[in-house]
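Student: Just need the structure, nothing else, for what follows:
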Amino acid sequence: MRMLKFRSFANSILGLALTLIPSVPWAHAQGEVKLSQPIGGDILPGGSFVQTDIKSSFVFSRLIPFAIRYLVGLAAALAVIAIMVGGYQYLTAYGDTEKHKNATKTIAWAVLGLILAITSYAIVSLITSIRFGA
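Tutor: Residues are numbered from 1 along each chain as shown. Reported below is the predicted structural model:
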C-alpha cells in the first residue's frame, strides 16, 4: 500500500514536471532535416564542423579515418610484439617439440595479423583518398 502511494505521487510529480517544462525550440525541426545535421545543430560538440553534405562532414572526413588508422596501427604494434614473444618461445624451446609447435603457431598467427593490419591500412588509405563527385 505504501509503495502504491509512492508510485502515484512520483507519477503525479513527473506528469506535472513534463507539462510545465517549456518546449525546447531547437528540438523541433523547421523544414527539411539533412542527414549530416546533428541533433541540436551547433549546440552539440562537433556541430560547427558539419558541412552541407555528409561526405565533407567532420565525422566522415576526419574522425572515422583517424580512428581506423589508430586502431590499425595498434593492431600492427600488437602483431610485432606477438612475433617477438613467439621468437622468445622458439628460442627457449630447447628441443621440446610441444613448445616448438606452440612457438611456431604464435609466430604464424602474428605474421597473419600483421599482414591483415597492413592490408586494412592500405584499404582505408585508398578509400579515404578517393574523391567522390565534384
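Student: what about the longest helix in this protein?
Tutor: helix 97-129 (DSSP state H).
Student: Which other helices and strands does that helix contact?
Tutor: Applying 3 or more CB pairs under 8 Å, 6 or more residues apart in numbering; DSSP states H and E, one finds that helix 97-129 makes contact with helix 64-91. Backbone N, C-alpha and C define where each C-beta goes, glycine included.
Student: Averaged pLDDT, stretch 78-97. What do you get?
Tutor: Stretch 78-97 carries an average pLDDT of 94.
Student: I should have written stretch 117-127 there, sorry.
Tutor: 84.
Student: Sort out which residues of that stretch are buried, please.
Tutor: 117, 120-121, 124 (16 or more other CB atoms under 10 Å).
Student: hmm, who's touching that stretch?
Tutor: Residues from elsewhere that reach stretch 117-127 (CB atoms under 8 Å, 6 or more residues apart in numbering): 65, 68-69, 72-73, 75-76, 79.
Student: again with stretch 81-88
Tutor: Outside stretch 81-88, the residues that reach it (CB under 8 Å, 6+ apart) are 103-107, 109-111, 113-114.
Student: buried residues in it?
Tutor: The neighbour-count check on stretch 81-88 (16+ other CB under 10 Å) flags 82-83, 86 as buried.
Student: Output it as CSV, restricted to C-alpha atoms.
Tutor: Extracted C-alpha coordinates of stretch 81-88, given in CSV (Å, rounded to 0.1, in the frame of the first residue of the first chain):
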residue,chain,number,x,y,z
ILE,A,81,55.0,-7.8,-30.1
ALA,A,82,53.4,-11.2,-30.7
ILE,A,83,56.1,-12.1,-33.2
MET,A,84,58.8,-11.2,-30.6
VAL,A,85,57.0,-13.3,-28.0
GLY,A,86,56.9,-16.2,-30.4
GLY,A,87,60.6,-15.8,-31.2
TYR,A,88,61.4,-15.9,-27.5
